[in-house]
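Colleague: Turn this into a model:
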Amino acid sequence: MLDSLSLSFERSEKGVRYVYWIDESDQAIKRGDIESLVVEEVVAVSDTPRGLAVDEAGSKVYWTTAEGKIRRANLDGTEVETVTEGLCGIGSITDIVLDIEKNKIYWGNDSDCQVMLRRANLDGSEVENLLYGLFPPSSIVFDSTHQKLYWTSGAVLSATVDDTEWRWNIVVDDLEYTPGIAIDPDASMVYWTEYPGLIRRANLDGTDIVNVLTDLQTPFKLALDLQDKKIYWTERDAGKIRRSNFDGTEVEDVFTDLADPTDLVLISKKDVSTDIGSKRMLPDTYKLRQNHPNPFGLTTLITFDLHISSHVMVKVYDSIGREVATLAHGEYPAGTHSILWNASGISSGVYICKLKVENSSEYIMMVLQR
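Modeller: Numbering: from 1, shown residues only. I've put the predicted structure just below:
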(Lines give C-alpha, C1' and ligand atoms only; values in the text may rest on other atoms or scores of the structure.)
Protein backbone atom coordinates (compact mmCIF):
# COMPACT_ATOMS: atom_id res chain seq x y z
CA MET A 1 0.00 0.00 0.00
CA LEU A 2 1.15 3.54 -0.69
CA ASP A 3 1.56 5.84 2.26
CA SER A 4 2.67 8.75 0.11
CA LEU A 5 3.52 9.17 -3.53
CA SER A 6 5.59 11.61 -5.50
CA LEU A 7 5.70 11.73 -9.27
CA SER A 8 8.12 13.32 -11.68
CA PHE A 9 9.18 12.91 -15.30
CA GLU A 10 11.44 14.29 -17.97
CA ARG A 11 10.06 14.85 -21.44
CA SER A 12 11.24 15.74 -24.96
CA GLU A 13 9.77 15.88 -28.42
CA LYS A 14 9.75 12.08 -28.34
CA GLY A 15 7.34 11.88 -25.39
CA VAL A 16 7.60 9.93 -22.15
CA ARG A 17 9.50 6.66 -21.74
CA TYR A 18 10.50 6.36 -18.07
CA VAL A 19 8.78 7.10 -14.77
CA TYR A 20 10.92 7.73 -11.69
CA TRP A 21 9.47 7.57 -8.21
CA ILE A 22 10.44 7.39 -4.56
CA ASP A 23 9.64 4.20 -2.67
CA GLU A 24 9.65 5.44 0.89
CA SER A 25 9.30 2.05 2.60
CA ASP A 26 12.24 0.59 0.67
CA GLN A 27 14.15 3.90 0.96
CA ALA A 28 14.95 3.80 -2.73
CA ILE A 29 14.45 5.70 -5.97
CA LYS A 30 13.02 3.44 -8.64
CA ARG A 31 12.45 3.64 -12.38
CA GLY A 32 9.79 2.03 -14.57
CA ASP A 33 9.93 1.61 -18.34
CA ILE A 34 6.50 2.53 -19.75
CA GLU A 35 7.02 0.36 -22.84
CA SER A 36 8.37 -2.85 -21.28
CA LEU A 37 6.85 -2.25 -17.80
CA VAL A 38 10.16 -3.35 -16.26
CA VAL A 39 10.78 -1.80 -12.83
CA GLU A 40 14.30 -1.36 -11.47
CA GLU A 41 15.96 0.28 -8.49
CA VAL A 42 18.08 3.30 -9.40
CA VAL A 43 19.64 4.10 -6.05
CA ALA A 44 19.14 3.00 -2.46
CA VAL A 45 19.19 5.88 0.02
CA SER A 46 20.04 5.75 3.70
CA ASP A 47 17.82 8.63 4.81
CA THR A 48 14.09 8.96 4.13
CA PRO A 49 13.60 10.50 0.65
CA ARG A 50 10.91 13.14 0.03
CA GLY A 51 10.72 15.39 -3.05
CA LEU A 52 12.18 14.22 -6.37
CA ALA A 53 13.46 15.99 -9.50
CA VAL A 54 15.44 14.86 -12.55
CA ASP A 55 17.96 16.77 -14.66
CA GLU A 56 17.77 14.79 -17.88
CA ALA A 57 20.40 16.83 -19.72
CA GLY A 58 22.86 16.44 -16.86
CA SER A 59 21.86 12.80 -16.19
CA LYS A 60 21.23 13.55 -12.50
CA VAL A 61 18.44 12.74 -10.07
CA TYR A 62 17.88 15.05 -7.08
CA TRP A 63 15.90 14.33 -3.93
CA THR A 64 15.20 15.86 -0.55
CA THR A 65 15.36 13.96 2.73
CA ALA A 66 13.54 13.93 6.05
CA GLU A 67 16.89 14.92 7.61
CA GLY A 68 16.85 18.35 5.95
CA LYS A 69 19.21 17.56 3.05
CA ILE A 70 19.18 17.82 -0.73
CA ARG A 71 21.09 14.99 -2.39
CA ARG A 72 21.78 13.84 -5.94
CA ALA A 73 23.22 10.96 -7.95
CA ASN A 74 23.79 9.93 -11.54
CA LEU A 75 20.77 8.33 -13.21
CA ASP A 76 22.49 4.96 -12.85
CA GLY A 77 22.72 5.44 -9.07
CA THR A 78 26.45 6.14 -8.92
CA GLU A 79 28.21 9.14 -7.35
CA VAL A 80 25.67 9.86 -4.60
CA GLU A 81 26.46 13.17 -2.93
CA THR A 82 24.91 15.74 -0.61
CA VAL A 83 24.23 19.04 -2.37
CA THR A 84 23.29 21.02 0.74
CA GLU A 85 22.17 20.22 4.28
CA GLY A 86 21.08 21.76 7.59
CA LEU A 87 18.04 23.27 5.89
CA CYS A 88 15.86 24.34 8.81
CA GLY A 89 15.97 21.07 10.71
CA ILE A 90 14.68 17.53 10.56
CA GLY A 91 11.75 16.86 8.24
CA SER A 92 11.73 20.43 7.01
CA ILE A 93 11.81 20.09 3.20
CA THR A 94 8.52 19.38 1.45
CA ASP A 95 9.33 19.37 -2.28
CA ILE A 96 11.97 20.31 -4.84
CA VAL A 97 12.03 21.61 -8.42
CA LEU A 98 14.83 22.52 -10.85
CA ASP A 99 15.40 25.47 -13.19
CA ILE A 100 18.13 23.97 -15.35
CA GLU A 101 18.59 27.01 -17.61
CA LYS A 102 19.43 29.24 -14.65
CA ASN A 103 21.27 26.53 -12.69
CA LYS A 104 18.86 26.75 -9.73
CA ILE A 105 17.14 24.44 -7.24
CA TYR A 106 13.95 25.62 -5.52
CA TRP A 107 12.44 23.92 -2.48
CA GLY A 108 9.69 24.39 0.08
CA ASN A 109 9.92 24.23 3.86
CA ASP A 110 7.29 23.04 6.31
CA SER A 111 5.56 24.97 9.09
CA ASP A 112 8.49 24.65 11.52
CA CYS A 113 10.43 27.13 9.37
CA GLN A 114 9.76 30.82 8.95
CA VAL A 115 11.05 30.66 5.36
CA MET A 116 8.59 28.87 3.06
CA LEU A 117 10.48 29.04 -0.26
CA ARG A 118 14.23 28.93 -0.81
CA ARG A 119 16.67 28.38 -3.66
CA ALA A 120 20.33 27.61 -4.37
CA ASN A 121 22.60 26.79 -7.28
CA LEU A 122 22.50 23.20 -8.52
CA ASP A 123 25.74 22.54 -6.65
CA GLY A 124 24.18 23.78 -3.38
CA SER A 125 26.00 27.10 -3.23
CA GLU A 126 24.41 30.52 -2.69
CA VAL A 127 21.36 29.50 -0.64
CA GLU A 128 18.73 32.28 -0.70
CA ASN A 129 15.56 32.89 1.30
CA LEU A 130 12.73 33.93 -1.03
CA LEU A 131 9.33 34.03 0.69
CA TYR A 132 8.40 34.14 4.37
CA GLY A 133 5.32 33.52 6.46
CA LEU A 134 3.24 31.51 3.97
CA PHE A 135 1.60 28.15 4.58
CA PRO A 136 4.07 25.33 3.81
CA PRO A 137 4.04 24.18 0.16
CA SER A 138 2.87 20.62 -0.45
CA SER A 139 4.14 20.49 -4.03
CA ILE A 140 6.07 22.88 -6.29
CA VAL A 141 6.37 23.17 -10.07
CA PHE A 142 8.41 25.56 -12.23
CA ASP A 143 6.84 27.14 -15.32
CA SER A 144 9.85 28.01 -17.48
CA THR A 145 7.65 29.55 -20.18
CA HIS A 146 6.25 32.25 -17.90
CA GLN A 147 9.15 32.25 -15.40
CA LYS A 148 6.89 31.47 -12.45
CA LEU A 149 6.78 29.06 -9.54
CA TYR A 150 3.44 27.47 -8.70
CA TRP A 151 2.76 25.55 -5.52
CA THR A 152 -0.10 24.07 -3.51
CA SER A 153 -0.95 24.69 0.13
CA GLY A 154 -4.71 24.35 0.56
CA ALA A 155 -4.75 26.65 -2.45
CA VAL A 156 -2.88 27.12 -5.71
CA LEU A 157 -0.37 29.96 -5.44
CA SER A 158 2.23 31.48 -7.75
CA ALA A 159 5.27 33.75 -7.60
CA THR A 160 7.13 35.51 -10.37
CA VAL A 161 10.78 34.50 -10.54
CA ASP A 162 12.62 37.78 -10.24
CA ASP A 163 16.10 38.41 -8.89
CA THR A 164 15.16 41.82 -7.48
CA GLU A 165 11.63 41.34 -6.14
CA TRP A 166 9.44 38.33 -5.39
CA ARG A 167 5.72 38.88 -5.94
CA TRP A 168 3.24 36.13 -5.07
CA ASN A 169 -0.51 35.75 -5.41
CA ILE A 170 -3.31 33.22 -4.87
CA VAL A 171 -4.51 31.58 -8.09
CA VAL A 172 -7.25 29.31 -6.65
CA ASP A 173 -8.33 29.53 -2.99
CA ASP A 174 -10.34 27.50 -0.46
CA LEU A 175 -9.24 24.03 -1.54
CA GLU A 176 -8.91 20.83 0.46
CA TYR A 177 -5.54 19.07 0.88
CA THR A 178 -3.68 19.51 -2.42
CA PRO A 179 -0.57 17.28 -2.53
CA GLY A 180 0.30 17.52 -6.25
CA ILE A 181 0.56 20.17 -8.96
CA ALA A 182 1.55 20.32 -12.65
CA ILE A 183 1.54 23.02 -15.34
CA ASP A 184 0.55 22.93 -19.02
CA PRO A 185 2.26 26.14 -20.22
CA ASP A 186 1.07 25.68 -23.81
CA ALA A 187 -2.60 25.83 -22.76
CA SER A 188 -1.93 28.15 -19.76
CA MET A 189 -3.52 25.66 -17.38
CA VAL A 190 -2.68 24.35 -13.91
CA TYR A 191 -3.63 20.84 -12.76
CA TRP A 192 -3.70 19.67 -9.15
CA THR A 193 -4.73 16.69 -7.02
CA GLU A 194 -7.18 17.35 -4.24
CA TYR A 195 -8.51 15.11 -1.49
CA PRO A 196 -10.51 13.05 -1.17
CA GLY A 197 -10.27 11.79 -4.77
CA LEU A 198 -10.00 14.55 -7.36
CA ILE A 199 -7.79 15.79 -10.16
CA ARG A 200 -8.81 19.34 -11.09
CA ARG A 201 -7.61 22.07 -13.42
CA ALA A 202 -8.04 25.79 -14.02
CA ASN A 203 -6.65 28.54 -16.21
CA LEU A 204 -3.48 30.11 -14.83
CA ASP A 205 -5.53 33.14 -13.82
CA GLY A 206 -7.73 30.90 -11.64
CA THR A 207 -10.82 30.92 -13.88
CA ASP A 208 -12.76 27.97 -15.31
CA ILE A 209 -12.15 25.38 -12.58
CA VAL A 210 -13.00 21.89 -13.86
CA ASN A 211 -13.05 18.46 -12.21
CA VAL A 212 -11.02 16.33 -14.63
CA LEU A 213 -11.29 13.07 -12.65
CA THR A 214 -13.33 12.11 -9.59
CA ASP A 215 -13.68 9.09 -7.29
CA LEU A 216 -9.96 8.25 -7.40
CA GLN A 217 -8.22 6.46 -4.52
CA THR A 218 -6.31 9.23 -2.74
CA PRO A 219 -4.43 10.72 -5.73
CA PHE A 220 -1.14 12.25 -4.63
CA LYS A 221 1.54 13.62 -6.98
CA LEU A 222 0.94 14.14 -10.69
CA ALA A 223 2.83 15.10 -13.84
CA LEU A 224 1.95 15.91 -17.44
CA ASP A 225 3.19 14.39 -20.69
CA LEU A 226 2.72 17.45 -22.90
CA GLN A 227 3.62 15.60 -26.09
CA ASP A 228 1.07 12.79 -25.81
CA LYS A 229 -1.42 14.85 -23.76
CA LYS A 230 -1.46 12.48 -20.81
CA ILE A 231 -1.82 13.01 -17.06
CA TYR A 232 0.17 10.65 -14.84
CA TRP A 233 -0.60 10.39 -11.14
CA THR A 234 -0.14 8.16 -8.14
CA GLU A 235 -2.92 6.64 -6.05
CA ARG A 236 -1.62 6.03 -2.55
CA ASP A 237 -4.17 3.58 -1.21
CA ALA A 238 -4.18 1.54 -4.41
CA GLY A 239 -0.37 1.38 -4.78
CA LYS A 240 -0.54 2.45 -8.43
CA ILE A 241 0.76 4.86 -11.01
CA ARG A 242 -2.05 5.65 -13.46
CA ARG A 243 -2.68 7.87 -16.46
CA SER A 244 -5.45 9.36 -18.58
CA ASN A 245 -5.95 11.84 -21.38
CA PHE A 246 -5.94 15.54 -20.46
CA ASP A 247 -9.75 15.50 -20.50
CA GLY A 248 -9.91 12.56 -18.05
CA THR A 249 -10.87 9.91 -20.60
CA GLU A 250 -9.14 6.54 -21.13
CA VAL A 251 -8.00 5.98 -17.54
CA GLU A 252 -5.54 3.08 -17.25
CA ASP A 253 -3.06 1.57 -14.81
CA VAL A 254 0.62 1.95 -15.74
CA PHE A 255 2.37 0.34 -12.74
CA THR A 256 0.59 -1.61 -10.01
CA ASP A 257 1.45 -3.47 -6.80
CA LEU A 258 3.91 -0.77 -5.77
CA ALA A 259 5.19 -0.83 -2.21
CA ASP A 260 5.23 2.79 -1.07
CA PRO A 261 5.87 5.29 -3.90
CA THR A 262 5.94 8.99 -3.04
CA ASP A 263 7.36 11.54 -5.52
CA LEU A 264 7.02 10.92 -9.25
CA VAL A 265 8.95 12.16 -12.33
CA LEU A 266 8.55 11.39 -16.04
CA ILE A 267 11.47 11.37 -18.46
CA SER A 268 11.77 11.26 -22.23
CA LYS A 269 11.92 8.37 -24.68
CA LYS A 270 15.68 8.62 -25.04
CA ASP A 271 17.35 5.51 -23.70
CA VAL A 272 18.59 6.21 -20.18
CA SER A 273 20.86 3.17 -20.09
CA THR A 274 22.61 4.21 -23.31
CA ASP A 275 22.93 7.81 -22.22
CA ILE A 276 24.50 6.89 -18.90
CA GLY A 277 26.52 4.03 -20.32
CA SER A 278 28.37 6.37 -22.64
CA LYS A 279 29.94 7.94 -19.56
CA ARG A 280 31.37 4.74 -18.13
CA MET A 281 33.04 1.56 -19.33
CA LEU A 282 30.70 -1.04 -20.79
CA PRO A 283 30.83 -4.67 -19.58
CA ASP A 284 33.21 -6.90 -21.52
CA THR A 285 30.69 -9.80 -21.74
CA TYR A 286 27.16 -10.69 -20.77
CA LYS A 287 26.59 -11.82 -17.19
CA LEU A 288 23.72 -12.54 -14.79
CA ARG A 289 24.67 -11.32 -11.34
CA GLN A 290 23.45 -12.81 -8.06
CA ASN A 291 20.22 -11.22 -6.92
CA HIS A 292 20.22 -8.94 -3.88
CA PRO A 293 19.11 -9.47 -1.21
CA ASN A 294 19.25 -13.26 -1.18
CA PRO A 295 17.43 -14.79 0.64
CA PHE A 296 14.61 -12.24 0.30
CA GLY A 297 11.14 -11.76 1.73
CA LEU A 298 9.12 -9.93 -0.94
CA THR A 299 11.28 -8.08 -3.48
CA THR A 300 14.77 -8.68 -4.84
CA LEU A 301 16.92 -6.91 -7.42
CA ILE A 302 18.12 -8.94 -10.41
CA THR A 303 20.98 -7.38 -12.38
CA PHE A 304 22.55 -8.38 -15.69
CA ASP A 305 25.35 -7.00 -17.90
CA LEU A 306 25.41 -6.75 -21.69
CA HIS A 307 28.54 -5.92 -23.66
CA ILE A 308 26.53 -5.29 -26.85
CA SER A 309 22.88 -4.55 -27.61
CA SER A 310 21.05 -7.88 -27.51
CA HIS A 311 17.69 -9.58 -27.44
CA VAL A 312 17.17 -10.56 -23.80
CA MET A 313 14.79 -12.80 -21.92
CA VAL A 314 14.77 -13.08 -18.12
CA LYS A 315 12.48 -15.70 -16.56
CA VAL A 316 11.97 -17.24 -13.13
CA TYR A 317 11.25 -20.94 -12.59
CA ASP A 318 10.39 -22.96 -9.51
CA SER A 319 12.45 -25.92 -8.30
CA ILE A 320 10.70 -28.41 -10.62
CA GLY A 321 11.06 -26.25 -13.73
CA ARG A 322 7.66 -24.54 -13.93
CA GLU A 323 7.74 -20.98 -15.19
CA VAL A 324 6.78 -18.46 -12.49
CA ALA A 325 7.42 -15.07 -14.07
CA THR A 326 8.80 -13.33 -17.16
CA LEU A 327 10.77 -10.27 -16.05
CA ALA A 328 12.24 -9.12 -19.35
CA HIS A 329 11.64 -9.89 -23.03
CA GLY A 330 12.99 -7.64 -25.76
CA GLU A 331 15.93 -5.64 -27.04
CA TYR A 332 18.25 -4.09 -24.45
CA PRO A 333 21.21 -1.77 -25.12
CA ALA A 334 24.75 -2.48 -23.97
CA GLY A 335 25.23 -1.70 -20.29
CA THR A 336 24.08 -2.84 -16.86
CA HIS A 337 20.35 -3.35 -16.24
CA SER A 338 18.44 -4.12 -13.04
CA ILE A 339 14.94 -5.53 -12.58
CA LEU A 340 13.02 -5.50 -9.31
CA TRP A 341 11.07 -8.74 -8.87
CA ASN A 342 8.05 -8.50 -6.58
CA ALA A 343 7.28 -12.05 -5.45
CA SER A 344 3.96 -11.26 -3.77
CA GLY A 345 1.65 -14.26 -4.02
CA ILE A 346 4.60 -16.63 -4.54
CA SER A 347 5.28 -19.39 -2.00
CA SER A 348 8.54 -19.69 -0.09
CA GLY A 349 11.14 -21.87 -1.73
CA VAL A 350 14.09 -22.06 -4.10
CA TYR A 351 13.72 -20.41 -7.50
CA ILE A 352 15.92 -20.31 -10.61
CA CYS A 353 16.40 -17.11 -12.60
CA LYS A 354 17.41 -17.61 -16.23
CA LEU A 355 19.02 -14.97 -18.43
CA LYS A 356 18.88 -15.84 -22.12
CA VAL A 357 20.96 -13.65 -24.45
CA GLU A 358 20.59 -14.64 -28.09
CA ASN A 359 21.54 -18.36 -28.03
CA SER A 360 23.31 -18.46 -24.65
CA SER A 361 21.95 -18.67 -21.10
CA GLU A 362 23.04 -18.07 -17.51
CA TYR A 363 21.33 -19.07 -14.26
CA ILE A 364 21.27 -18.07 -10.61
CA MET A 365 19.54 -19.62 -7.61
CA MET A 366 17.29 -17.44 -5.43
CA VAL A 367 15.74 -18.21 -2.05
CA LEU A 368 12.35 -16.76 -1.11
CA GLN A 369 11.67 -16.83 2.65
CA ARG A 370 8.42 -15.53 4.14
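Colleague: Check what pLDDT residue 125 gets.
Modeller: What the model reports as pLDDT for residue 125 is 88.
Colleague: what kind of secondary structure is it in?
Modeller: With DSSP: H, G, I helix; E, B strand; the rest coil as the basis, the three-state label of residue 125 is coil.
Colleague: gap between it and residue 104?
Modeller: According to C-beta to C-beta, to the nearest Å, residue 125 and residue 104 sit 11 Å apart. (Glycine included, C-beta is placed from N, CA and C.)
Colleague: likewise residue 354?
Modeller: To residue 104, residue 354 is 47 Å away according to C-beta to C-beta.
Colleague: which residues touch stretch 170-183?
Modeller: Residues from elsewhere that reach stretch 170-183 (C-beta atoms under 8 Å, 6 or more residues apart in numbering): 4, 7, 138-141, 143, 150-158, 189-196, 202, 204-206, 209, 219-224, 231, 233.
Colleague: Which of these are buried? Put it as a PyMOL command.
Modeller: Command for PyMOL that selects the buried part of those, burial taken from 16 or more other C-beta atoms under 10 Å:
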select buried, resi 4+7+138+139+140+141+143+150+151+152+153+155+156+157+158+189+190+191+192+193+194+202+204+206+219+220+221+222+223+224+231+233
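Colleague: Just list whatever residues bridge to residue 61.
Modeller: Beta-bridge partners recorded for residue 61 (DSSP bridges): residue 54, residue 73.
Colleague: ok, it touching residue 29?
Modeller: Yes - counting by C-beta atoms under 8 Å, residue 29 is a contact partner of residue 61 at 6.1 Å.
Colleague: shared neighbours of those two, which are they?
Modeller: Shared contacts of residue 61 and residue 29, defined by C-beta under 8 Å, 6+ apart, comprise 20, 42, 43, 52, 73.
Colleague: could you measure the last one against residue 37, distance?
Modeller: If I follow you right, that is residue 73. In this structure, residue 73 and residue 37 are 24 Å apart, going by C-beta to C-beta.
Colleague: Those two: who's more crowded?
Modeller: Comparing residue 73 with residue 37 by other C-beta atoms under 10 Å, the one with more neighbours is residue 73, at 19 against 11.
Colleague: Give me the packing partners of the helix or strand where residue 266 lies, helices and strands only.
Modeller: For residue 266, the host element (DSSP states H and E) is strand 261-268. Under the contact definition 3 or more C-beta pairs under 8 Å, 6 or more residues apart in numbering; DSSP states H and E, strand 261-268 sits against strand 7-8, strand 16-23, strand 49-55, strand 219-225, strand 230-235.
Colleague: okay, those strands, which one's buried deepest?
Modeller: Among the helices and strands packed on strand 261-268, strand 7-8 has the highest mean neighbour count (mean count of other C-beta atoms under 10 Å), at a mean of 29.
Colleague: Report the rounded mean pLDDT for that one.
Modeller: 52.
Colleague: all strands of the stretch 101-250 of the chain, in order?
Modeller: Counting by DSSP state E, counting those that start in this stretch, one finds strands in the stretch 101-250 of the chain at the ranges 104-109, 115-121, 128-132, 139-143, 148-152, 156-160, 167-172, 181-184, 189-194, 198-203, 210-213, 219-225, 230-235, 240-245.
Colleague: Dump the ones you listed to JSON lines, plus mean pLDDT and distance to residue 305.
Modeller: Output for the strands of the stretch 101-250 of the chain, formatted as JSON lines (pLDDT from 0 to 100; distance: least, C-beta to C-beta, whole Å):
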{"stretch": "strand 104-109", "mean pLDDT": "87", "distance to residue 305": "34"}
{"stretch": "strand 115-121", "mean pLDDT": "82", "distance to residue 305": "36"}
{"stretch": "strand 128-132", "mean pLDDT": "81", "distance to residue 305": "44"}
{"stretch": "strand 139-143", "mean pLDDT": "90", "distance to residue 305": "37"}
{"stretch": "strand 148-152", "mean pLDDT": "91", "distance to residue 305": "42"}
{"stretch": "strand 156-160", "mean pLDDT": "90", "distance to residue 305": "46"}
{"stretch": "strand 167-172", "mean pLDDT": "89", "distance to residue 305": "49"}
{"stretch": "strand 181-184", "mean pLDDT": "94", "distance to residue 305": "37"}
{"stretch": "strand 189-194", "mean pLDDT": "96", "distance to residue 305": "40"}
{"stretch": "strand 198-203", "mean pLDDT": "97", "distance to residue 305": "41"}
{"stretch": "strand 210-213", "mean pLDDT": "97", "distance to residue 305": "42"}
{"stretch": "strand 219-225", "mean pLDDT": "91", "distance to residue 305": "31"}
{"stretch": "strand 230-235", "mean pLDDT": "91", "distance to residue 305": "31"}
{"stretch": "strand 240-245", "mean pLDDT": "93", "distance to residue 305": "28"}
